[in-house]
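In: Show me the folded form of this:
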Amino acid sequence: MDDARTEIADLVNNWALFRDQEKWDALSGTFHEGGTISLSWFDGPHEGFIAASRQLAARGGALLKHHIGVPRIRISGDRALSEVNVTIMVRAKTPAGEVDTTSYARFIDRIEKRDGTWRIVKRVAVYEKDRADPVDRASLPDGFFDGLEKFPAELKFLAASLDKAGIPLSPATVLDKSPELAALHAEGDAWLAGN
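Out: Numbering: from 1, shown residues only. Sure, this is the predicted structure:
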């Protein structure tokens, strides 16, 4: 069981490392065939996420970093649930100057062992709170905050940054302490139990 926990923790950590270093083939290898991912700007098959991430990286203009905590892992046979804190940091050029957006979230993963290998079958990001900080000036201009109220408080700065880049907030976005999070946990527990 300890070996499985180590392999799963390594998998969770490698996902972030491969994504941030744009190692697309290795990132694809963290998912099983048919694996899905749901986060602020994408909801669907992992292959689509990787293709869209490649396009965003090719456009440039933003630096991205995921800091992963130590995952809580529960294992039942060849299935595992992992929940891990993640800090997502994005530096982007905006009309207000360079801005650092920091989102505090968790990744909830369903992970399976198939053919002797643990990989992700479903990843969902749960958003808790975020903030925006100026990089090249003392404060953000007043206009920077216009329209923030139309986005959920848990990720208003991230959502506004995405919106300004022409990327809509995914309707599948899960917020902390929401009914959707309760349903996600209940579905995961049932899945881990084999139901």
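In: Look up which helix or strand the residue nearest in space to the middle of the chain falls in, please.
Out: Nearest to the geometric centre of the chain sits Ala125, at 4.7 Å (Cα atoms, centre = their mean). Ala125 is part of strand 117-134, with elements assigned from DSSP states H and E.
In: Please name every helix or strand in contact with that strand.
Out: Strand 117-134 sits against helix 2-20, strand 31-39, strand 97-114, helix 156-164, strand 174-175, helix 179-192, with contacts defined as 3 or more Cβ pairs under 8 Å, 6 or more residues apart in numbering; DSSP states H and E. (Glycine included, C-beta is placed from N, CA and C.)
In: Switch those over to TSV; also include distance to Leu81.
Out: Below are the helices and strands packed on strand 117-134 laid out as TSV (distance: least, Cβ to Cβ, whole Å):
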stretch	distance to Leu81
helix 2-20	10
strand 31-39	15
strand 97-114	6
helix 156-164	25
strand 174-175	15
helix 179-192	5
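In: Which of these sits closest to Ser139?
Out: Set against Ser139 and scored by Cβ to Cβ, the helices and strands packed on strand 117-134 come closest in strand 97-114, at 10.3 Å.
In: Give me the residues contacting the lowest-mean-pLDDT helix or strand in the chain.
Out: Least confident helix or strand, the chain: helix 156-164 with a mean of 87, by mean pLDDT, DSSP states H and E. For helix 156-164, the external contacting residues (Cβ atoms under 8 Å, 6 or more residues apart in numbering) are 40-41, 88, 90, 92, 94, 99, 101, 103, 127, 130-132, 147-149, 151-152, 168-169.
In: circling back: avg pLDDT for the strand holding Ala125?
Out: What strand 117-134 shows for mean pLDDT is 96.
In: Now do the contacts for Asp24.
Out: Asp isn't right for residue 24; it's Trp. Phe18, Ile50, Ser53, Arg54.
In: follow-up on the earlier one: go through the helices and strands packed on strand 117-134 and name the closest to Ala80.
Out: Proximity to Ala80 (Cβ to Cβ) singles out strand 97-114 among the helices and strands packed on strand 117-134, at 4.4 Å.
In: Skipping its backbone neighbours, what lies nearest Ala193 in space?
Out: Sequence neighbours aside, Ser76 is the residue nearest to Ala193 in space, at 6.6 Å (criterion: Cβ to Cβ, 6 or more residues apart in numbering).
In: if I pick the one you found, what's in contact with it?
Out: Taking Cβ under 8 Å, 6+ apart, one finds Leu192, Ala193, Gly194 in contact with Ser76.
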